[in-house]
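[1] Pasting a predicted model and its sequence here:
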Amino acid sequence: MTDQQQFEEQVNRYASFVEKNDYGALSGLLDLACMYEDGSMIVGRDNVIDLFHAADEWVKQNFDSIEQECTPRWREDHWIMEITSRAECRGESCAHKCEQRLEFTPEGLVEFIQYIFLPGEVEKLSRFMTRVGIEHQQPETSDPD
């Protein structure tokens with residue numbers, strides 16, 4: 001069985017839990033020592049879940065509504081979660097895309113999540129937030145090369 005086949009069910013469950021913001025269920029898919037990297041490194045399942053939960057709370061406080069759609073894709077030797085977030089605020093809307101690279105333990109738990117900033121997407125979201133009056137800081141999106 002290939003890595004693609006072995007972890008396909010886990011990836012689909014991860015996508016479903018992220019779309020629903022079901023952090024209790026998502027926690028069960030993460031290794032205790034799970035790492036999340038987005039320019040900085042968060043280590044530990046509880047810390048990663050706390051980060052996701054805090055981000056969700058911030059979104060709820062600042063946007064009128066937001067919907068997420070997650071699409072798992074196999075790329076060469078790893079799983080990528082394509083995430084499209086559709087935000088509405090003060091009568092305006094914006095679709096924002098990002099990716100997460102997922103790596104698994106042999107037992108099928110997520111051990112590493114890398115948040116991938118896509119070209120132009122952070123800037124598009126930043127312009128939208130400025131336009132609707134949401135204070136924010138634009139994350140560093142340095143080119144990995």
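    Received, thanks. Residues are numbered from 1 along each chain as shown.

[2] following the worst-scoring helix or strand of the chain on mean pLDDT, which helix or strand comes up?
    Using mean pLDDT, DSSP states H and E, helix 3-20 stands out as the lowest-scoring helix or strand of the chain, at a mean of 87. For helix 3-20, the following helix or strand on the C-terminal side (DSSP states H and E) is helix 23-27.

[3] re earlier: tell me which residues are up against the least confident helix or strand of the chain.
    Contact partners of helix 3-20, identified using C-beta atoms under 8 Å, 6 or more residues apart in numbering, comprise 22-23, 25-26, 29, 68-72, 74, 77-79, 81, 83, 102, 104, 108-110. Every residue, glycine included, has its C-beta placed from N, CA and C.

[4] cutoff 6 Å now
    Contact with helix 3-20 is made by 25-26, 29, 68, 70, 72, 74, 79, 104, 108, as judged by C-beta atoms under 6 Å, 6 or more residues apart in numbering.

[5] cool, and stretch 83-90?
    63-70, 94-98, 132.

[6] Thought E99 was touching I116, still the case?
    Yes - here I116 reaches E99: they are 4.1 Å apart, a contact under C-beta atoms under 6 Å.

[7] Please state the backbone phi and psi of G44?
    Main-chain dihedrals, G44, degrees, to the nearest 10: phi 110, psi 130.

[8] I meant S40, not that one.
    phi -120, psi 170.

[9] In contact with it, which residues?
    For S40, no residue counts as a contact, taking C-beta under 6 Å, 6+ apart as the criterion.

[10] Return the distance of it relative to L51.
    Per C-beta to C-beta, to the nearest Å, S40 is found 10 Å from L51.

[11] what do you get for Y36?
    On the measure of C-beta to C-beta, Y36 and L51 end up 6 Å apart.

[12] Which one's more surrounded, those two?
    Shown here are Y36 and L51; by other C-beta atoms under 10 Å, Y36 has more neighbours (22 against 14).

[13] Would it be right to say that that one lies in a strand?
    Yes - per DSSP: H, G, I helix; E, B strand; the rest coil, Y36 lies within a strand segment.

[14] Across the sheet, point out what pairs with it.
    I42, I113 (DSSP bridges).

[15] Nothing else from me, thank you.
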